[in-house]
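Enquirer: Would you be able to build a 3D model of this:
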Amino acid sequence: MSYSLTYEGDTMKRTSDYETLYRKNPKTGRIIIDVALDNYLDFFHEWDSSAFKKRDMHPDLAEFLDLCSEEIPLRRKLEIAFTLEADEVDEKKEELIRISYRNYYNSLKRFEKKRLERYIRFSTILLLISFVLLATYATLSKAGEGTIISNVFRESLLIGGWVFAWETIHLLFIDTLEPINRYREINRFLEADISFKYKGLK
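Expert: Sure thing, here's the model as predicted:
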């Protein structure tokens, strides 16, 4: 079993010019990721004891596809081309691979969606806390100068308000970049064409 670019051997060179590493389907314009399988079972997780039709995609294959995807700009659509050593076509197993592939990435998509929702909920809470602290500071400031303790308390409210506001900005505009990009990448995998080739067929 091997997951590699068929024309690059067992290693994949990193380069900004992805078009030198990957074939392009002349009809669709999609970038092709070639995957070599000895047989249909190589697609699935070897330790998964589920029924054949419910097995998960092999983690090594998923990792390989992710590495390939990192080399290809998100704006380019993909085609996953499986090449098998078989000498006959089994359309039922082809369809089971397609189903398992979609199930795998749909599961990842749900996970990333929930992660984004958690970020948004948490940032909303932080923003509300920031507003409360700053509003309390503004209200107390109207009362004029007070004791040292009250002044320190007010300044703490101001500092705390701005700290929570910064955390909100950091969470929304920095921390969410990775899951957003991952979500887009998963969508691209779900929209990818899947094709099969057989070395044993003439």
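Enquirer: contacts and neighbour counts: CA atoms only from here.
Expert: Noted.
Enquirer: Domains in the protein, by residue range?
Expert: 18-111+191-198, 112-180 (automatic domain parsing).
Enquirer: Make CSV from those domains and add mean pLDDT to it.
Expert: Shown next, in CSV, are these (pLDDT from 0 to 100):
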stretch, mean pLDDT
domain 18-111+191-198, 89
domain 112-180, 89
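Enquirer: need those domains in JSON lines with mean neighbour count, can you?
Expert: Below are those laid out as JSON lines (neighbours: other CA atoms under 10 Å):
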{"stretch": "domain 18-111+191-198", "mean neighbour count": "16"}
{"stretch": "domain 112-180", "mean neighbour count": "15"}
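Enquirer: Could you report the pLDDT at the residue minimising distance to the centre of the chain?
Expert: What sits nearest the mean C-alpha location of the chain, by CA atoms, centre = their mean, is Arg182, with 2.6 Å. pLDDT recorded at Arg182 is 95.
Enquirer: any idea how far Thr168 is from it?
Expert: Remark: distance between Arg182 and Thr168 (CA to CA, to the nearest Å) = 21 Å.
Enquirer: Strands of this structure, start to end?
Expert: For the chain, the strands defined by DSSP state E occupy 23-24, 31-37, 78-84, 193-198.
Enquirer: What helices and strands are in contact with the helix ranked longest in the chain?
Expert: Assignment by DSSP state H gives helix 91-141 as the longest helix of the chain. The contact analysis (3 or more CA pairs under 8 Å, 6 or more residues apart in numbering; DSSP states H and E) places helix 91-141 against helix 148-170, helix 177-191.
Enquirer: ok, now with 10 Å
Expert: helix 59-71, helix 148-170, helix 177-191, strand 193-198 (3 or more CA pairs under 10 Å, 6 or more residues apart in numbering; DSSP states H and E).
Enquirer: how about stretch 180-192 as PDB, C-alpha atoms only?
Expert: This file holds the C-alpha atoms of stretch 180-192, laid out as PDB (Å, rounded to 0.1, in the frame of the first residue of the first chain):
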ATOM      1  CA  ILE A 180     -12.000  28.700   8.700                       C
ATOM      2  CA  ASN A 181      -9.300  27.600   6.300                       C
ATOM      3  CA  ARG A 182      -9.700  24.000   7.400                       C
ATOM      4  CA  TYR A 183     -13.500  24.300   6.800                       C
ATOM      5  CA  ARG A 184     -12.800  25.500   3.300                       C
ATOM      6  CA  GLU A 185     -10.300  22.800   2.600                       C
ATOM      7  CA  ILE A 186     -12.800  20.100   3.800                       C
ATOM      8  CA  ASN A 187     -15.400  21.600   1.500                       C
ATOM      9  CA  ARG A 188     -13.000  21.300  -1.400                       C
ATOM     10  CA  PHE A 189     -12.400  17.600  -0.600                       C
ATOM     11  CA  LEU A 190     -16.200  17.100  -0.500                       C
ATOM     12  CA  GLU A 191     -16.500  18.700  -3.900                       C
ATOM     13  CA  ALA A 192     -13.700  16.700  -5.400                       C
END
